[in-house]
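Student: Requesting a structural model of the entry that follows:
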Amino acid sequence: MDVFEAIAEPSRREVLDLLAERERPAGELVEHLHRLTQPAVSRHLRILREVGLVDVRPEGQKRIYVLRADRLIEIENWISRYRKYWPRHLDALEQHLADNPEEHPHD
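Tutor: Prediction:
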């Protein structure tokens, strides 16, 4: 599995979002992902470790998970190829909204 396959799964993206805030023990991740079982969260963490998106370190009886932001560079590099298209699409949307104000009333 590569980084892209790993982040394709919504629960793994949620784990990354939590770890982007701060490092967390495994038990806390399980608490935040209450719709998932502990074994399911462990599987997601294992996959994220295997692709290098998170690191783990023991701290007493706990396992602390940390985001490895450097591995996100692979995703950043891929996305950067498409950034040049964003301004054009945003300009077109802005023009459409300006040309059709009755279709998009402001609340």
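
Student: Is the residue most central in space within the chain within a helix or a strand, and which one?
Tutor: Of all residues in the chain, the one closest to the mean position by CA atoms, centre = their mean is residue 13, 3.7 Å from it. Assigned by DSSP states H and E, residue 13 falls within helix 10-21.

Student: Downstream of that helix, the next helix or strand is which one?
Tutor: Toward the C-terminal end, the helix or strand that comes next after helix 10-21 (DSSP H and E) is strand 24-25.

Student: So which elements touch that following strand?
Tutor: Packed against strand 24-25, as judged by 3 or more CB pairs under 8 Å, 6 or more residues apart in numbering; DSSP states H and E, are the following elements: strand 62-67. All C-beta atoms are positioned from the backbone trio N, CA, C, and that covers glycine.

Student: Tell me how many other residues surround residue 34.
Tutor: In terms of burial, residue 34 registers 8 neighbours under the definition other CB atoms under 10 Å.

Student: if we can go back for a sec, so what's the residue nearest to the centre of the chain up against?
Tutor: When the contact criterion is CB atoms under 8 Å, 6 or more residues apart in numbering, the partners of residue 13 are residue 7.

Student: again, only using 10 Å
Tutor: 6-7, 44, 48 (CB atoms under 10 Å, 6 or more residues apart in numbering).

Student: out of those residues, which is most surrounded?
Tutor: Ranked by neighbour count (other CB under 10 Å), the contacts of residue 13 have residue 48 at the top, with 27 neighbours.

Student: Relative to residue 77, how far out is it?
Tutor: Here the criterion is CB to CB, to the nearest Å. By it, residue 48 lies 19 Å from residue 77.

Student: buried stuff in the helix holding residue 13?
Tutor: For helix 10-21, a neighbour-count test (16 or more other CB atoms under 10 Å) marks 12, 14-16, 18-19 as buried.

Student: Now do it and strand 62-67, the angle between them.
Tutor: Using axes from the mean of the first three to the mean of the last three CA atoms, to 10 degrees, the interaxial angle of helix 10-21 with respect to strand 62-67 works out to 90 degrees.

Student: Run the chain-centre distance for helix 10-21.
Tutor: Here the centre of helix 10-21 is set off from its chain's centre by 5 Å, with CA atoms, centre = their mean, to the nearest Å.
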